[in-house]
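> task: produce atomic coordinates for the following.
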Amino acid sequence: MAEEKKRKRRSKEDQSDRRQKEEQLIEKLITVRRVTKVVKGGKNMRFSALVVVGDGKGRVGYANGKAREVPDAMRKASDRARKNMIRVPLKSGRTLHHDVVKSVGAAKVYLRSASAGTGVIAGGAMRSIFEALGVHDIVSKSVGTSNYHNTVRATFEALQSVQSPRFVASKLGKKVSDILGRRGSMKSMDQDQSMDVSDASDVNETEGE
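Residues are numbered from 1 along each chain as shown. Presented below is the predicted three-dimensional model:
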């Protein structure tokens with residue numbers, strides 16, 4: 001009897017912990033559509049809701065729910081999104097580690113990491129995703145279509161392809177400093193090339209005079 005009571009207490013504590021974690025999640029409603037299905041007896045009208053759920057600390061998920069009422073559709077979508085959450089590595093907990101370009105159907109998204117203080121430069125569904133994910137500095141652009149579903153899918157595929165320097169180093173069998181050093185050398189090369197171009201333009205201007 002004592003063991004059964006302990007088990008019940010533990011299960012209750014686990015349920016309370018889960019409820020607290022769920023309450024801390026951020027929910028964003030992307031869009032609600034009315035779907036009508038024509039049948040023999042008439043028309044069946046239902047609602048479709050697209051919801052994004054995140055914890056604001058690098059985990060986010062999305063799902064679509066259908067029901068006869070809007071609250072029920074949102075609840076179904078929210079429950080499915082919580083089960084399908086993914087983890088995205090963030091740089092300093094505020095931006096992405098590198099730039100990403102992904103396309104799904106006619107939707108194409110560009111995600112670029114940004115320096116501190118840039119803010120979230122995004123619109124529509126992408127802004128809701130970044131707010132739920134916990135990104136504070138990012139520059140993004142969506143082109144090709146205004147379909148929310150394809151835009152959300154393309155954004156999630158882009159986020160899934162983001163890799164941290166530690167993961168790349170472990171995959172290649174190298175140190176993190178080697179990966180970051182290579183990135184720094186590439187930036188210095190780009191800066192040197194830009195300086196050479198500017199110097200050449202200055203020389204051409206002086207010759208023209």
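> and the helices in this structure?
Assigned by DSSP state H, the chain shows helices spanning 2-23, 70-83, 125-133, 148-160, 165-172, 176-208.
> partner residues bridging Lys66?
Beta-bridge partners recorded for Lys66 (DSSP bridges): Ser48.
> leaving out sequence neighbours, find the closest residue to Arg94.
His136 (4.2 Å; C-beta to C-beta, 6 or more residues apart in numbering). All C-beta spots, glycine's among them, are computed from the backbone N, C-alpha and C.
> neighbours of the one you found, how many?
Residues lying near His136 (other C-beta atoms under 10 Å) number 19.
> that older thread, mean pLDDT lowest for which of the helices of the chain?
Among the helices of the chain, helix 176-208 has the lowest mean pLDDT, at a mean of 51.
> what about the nearest residue to Ser92 once chain neighbours are set aside, neighbour count?
Nearest residue to Ser92 in three dimensions, chain neighbours excluded: Ala116, at 7.9 Å (C-beta to C-beta, 6+ apart). By the measure other C-beta under 10 Å, the count of residues near Ala116 is 10.
> what of Lys40?
Applying other C-beta under 10 Å, we find 4 residues neighbouring Lys40.
> look up how far Arg59 lies from it.
Distance of Lys40 to Arg59, given as C-beta to C-beta, to the nearest Å: 45 Å.
> ok, Leu172 next?
Leu172 sits 26 Å away from Arg59, going by C-beta to C-beta.
> returning to what we had before: show the pLDDT at the residue nearest to Ser92.
Ala116 carries a pLDDT score of 88 in this model.
> from Asn150, how far off is Gly144?
Note on Gly144: its distance to Asn150, by C-beta to C-beta, is 8 Å.
> Gln163 contacts Leu96, correct?
No: contact between Gln163 and Leu96 fails when scored by C-beta atoms under 8 Å: they sit 10.0 Å apart.
> against Gly54, how distant is the residue nearest to Ser92?
Distance of Ala116 to Gly54, computed by C-beta to C-beta: 21 Å.
> now swap in Val176 and tell me
27 Å.
> picking up where we left off before, the residue nearest to Arg94: what's it in contact with?
Residues near His136 by C-beta atoms under 8 Å, 6 or more residues apart in numbering: 94-95, 119-120.
> is the residue lying closest to Glu157 once chain neighbours are set aside bridged to anything, and to what?
Spatial nearest neighbour of Glu157, excluding adjacent residues (C-beta to C-beta, 6+ apart): Lys102 at 4.7 Å. Note on Lys102: beta-bridge partners Val109, judged by DSSP bridges.
> measure Lys102 to Thr151 for me?
In this view, Lys102 and Thr151 are 11 Å apart by C-beta to C-beta.
> more crowded one of the two?
Counted by other C-beta under 10 Å, Lys102 and Thr151 do not tie: Thr151 has more neighbours, with 25 against 18.
> is that one in contact with Val109, as I believe?
Yes: at 6.8 Å, Thr151 and Val109 qualify as touching, with contact defined as C-beta under 8 Å.
> identify the contacts common to these two.
Common neighbours of Thr151 and Val109 (C-beta under 8 Å, 6+ apart) are 126, 142.
> thank you, goodbye.
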